[in-house]
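S.K.: Just a sequence and a predicted model for now, questions to come.
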Amino acid sequence: MKKTVIKELFEVELNNPILIEGLPGLGLVGKIALRYLIKQLKAEKFAYLYSPHFPYFVLVNKKGSVRLLRGVFYFWKNKNQNNDFIFFTGDSQAQTIEGQYEISDVILDFAEKRNVELIVTVGGYRAEAKDKPKVIAAATSSEILNKALKANAILSPSGSPIVGTAGLLLGLARFKKIGALCLLGETRGYLPDPKAAKSVLEVLKNMLNLDVDLDGLDEEIAKAEKAVLRLQKIEEKRALQAEEIRKEEDKKTVYIS
C-alpha cells in the first residue's frame, strides 16, 4: 500500500450530510464521543480508510485473526431533520506530517463527493477543568462559530494551535468550500476522559438537534474519576518516599572544612 485509500462496503444515498470526525488524541475525547454517538444512534459502517501512514503493526482479535489499523465511516439517516450524518473514527492518527495532510485530503474528497455541507471535528484541549470541562470552539466562518457559542461552547484563544486531523480538516475544508467547526473538550490528556467527551456531545446535541441520551456516559465518567484518584494517591506516595530518601541522604552528608 503506497497511498491512503477508502474501501466502500456499499453505496448509500444521504440527504445534506454532516460529517463528524473523532480520532484518538488528548484524553481520547474524540474517539469516546464518536464511539458513543455511533452506538446510541445505531449508525452503520459503510467504508474503511487504510493508510501507510498509520503505525506499522496489525491488531489481533480473540480468534487469532489480524487486521490493519484503519479508519471507519458510519452513516445514520436522520428522520427528524434535514441532515443525515456521517461519523468517522478509527484506531489511530497518522504518524507523519505528510500522512496527516494526505489522510485529511482523502477524507475531504470523500466528503465533497457526498455533498457534505458541514464538517465537525472533535478532540481534546489540554487544560485542568475545575468542574465541568469547557468546550472550546473554532470555525471557518462566524456563522458556524456563533451556532456553537449559542450551544454553550466558548471561543478558542487566539493563536492556539489545533494539532492533527481535527485541525487540518478545518484548515483544508476551505479549499473544498465546505464549512467546518472544531470542538475541543478540556482534559488533562493523560487518561481517557469521558467527562470531556460528554461536554462536547452536549454542545453537539444542542447545536445539531440530536436526540441522544448522554446519561450512559456517567458510568464511564465515574470509573475515570476513580482512576484519576488512584493515580493521585500513587503520585503522593512517591513524593513522600522521595522526600524521605532526600532527608536520609542529607543526614549522611559529611562536610569537610
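M.R.: In hand now; what should we look at?
S.K.: For stretch 163-178, output the C-alpha coordinates as PDB.
M.R.: Only the C-alpha atoms of stretch 163-178 are listed here, as PDB (Å, rounded to 0.1, in the frame of the first residue of the first chain):
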ATOM      1  CA  VAL A 163      -3.000  19.700  16.100                       C
ATOM      2  CA  GLY A 164      -3.700  16.700  13.900                       C
ATOM      3  CA  THR A 165      -6.600  15.700  11.800                       C
ATOM      4  CA  ALA A 166      -9.100  17.800  13.900                       C
ATOM      5  CA  GLY A 167      -7.200  20.900  12.900                       C
ATOM      6  CA  LEU A 168      -6.200  20.100   9.300                       C
ATOM      7  CA  LEU A 169      -9.700  19.200   8.300                       C
ATOM      8  CA  LEU A 170     -10.700  22.600   9.500                       C
ATOM      9  CA  GLY A 171      -7.900  24.400   7.600                       C
ATOM     10  CA  LEU A 172      -8.200  22.400   4.400                       C
ATOM     11  CA  ALA A 173     -12.000  22.400   4.200                       C
ATOM     12  CA  ARG A 174     -11.800  26.000   2.900                       C
ATOM     13  CA  PHE A 175     -10.300  24.700  -0.400                       C
ATOM     14  CA  LYS A 176     -13.400  22.400  -0.800                       C
ATOM     15  CA  LYS A 177     -15.700  25.300   0.200                       C
ATOM     16  CA  ILE A 178     -17.100  23.200   3.000                       C
END
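S.K.: what stretches of the protein score poorly on pLDDT?
M.R.: 232, 251-257 (pLDDT under 70).
S.K.: Repeat the analysis, applying 50 as the threshold.
M.R.: For the chain, the stretches flagged by pLDDT under 50 are 257.
S.K.: And the strands in the stretch 1-150 of the chain, which stretches?
M.R.: If you assign secondary structure with DSSP state E, counting those that start in this stretch, the strands in the stretch 1-150 of the chain sit at 5-8, 18-21, 44-50, 58-60, 66-68, 71-76, 85-90, 118-126, 135-139.
S.K.: Which residues outside the fourth one are in contact with it?
M.R.: Looking back up the chat, that one is strand 58-60. 66-69, 91 (C-beta atoms under 8 Å, 6 or more residues apart in numbering). Bear in mind the C-beta positions are built from the backbone N, C-alpha and C, glycine included.
S.K.: burial count for S158?
M.R.: 5 (other C-beta atoms under 10 Å).
S.K.: likewise K177?
M.R.: K177 has 8 neighbouring residues, counting by other C-beta under 10 Å.
S.K.: And G22, by the same measure?
M.R.: Neighbours of G22 (other C-beta under 10 Å): 29.
S.K.: quick one, what contacts the closest residue to E112 other than its chain neighbours?
M.R.: The shortest distance from E112 to any non-neighbouring residue, by C-beta to C-beta, 6 or more residues apart in numbering, is to K176 (5.0 Å). Neighbouring residues of K176 by C-beta under 8 Å, 6+ apart: 108-109, 111-112.
S.K.: so which of the residues you listed comes closest to R238?
M.R.: R238 lies nearest to L108 out of these, by C-beta to C-beta, at 45.9 Å.
S.K.: Chain neighbours aside, what residue packs nearest to the closest one?
M.R.: Closest to L108 by C-beta to C-beta, 6+ apart is K176, at 5.2 Å.
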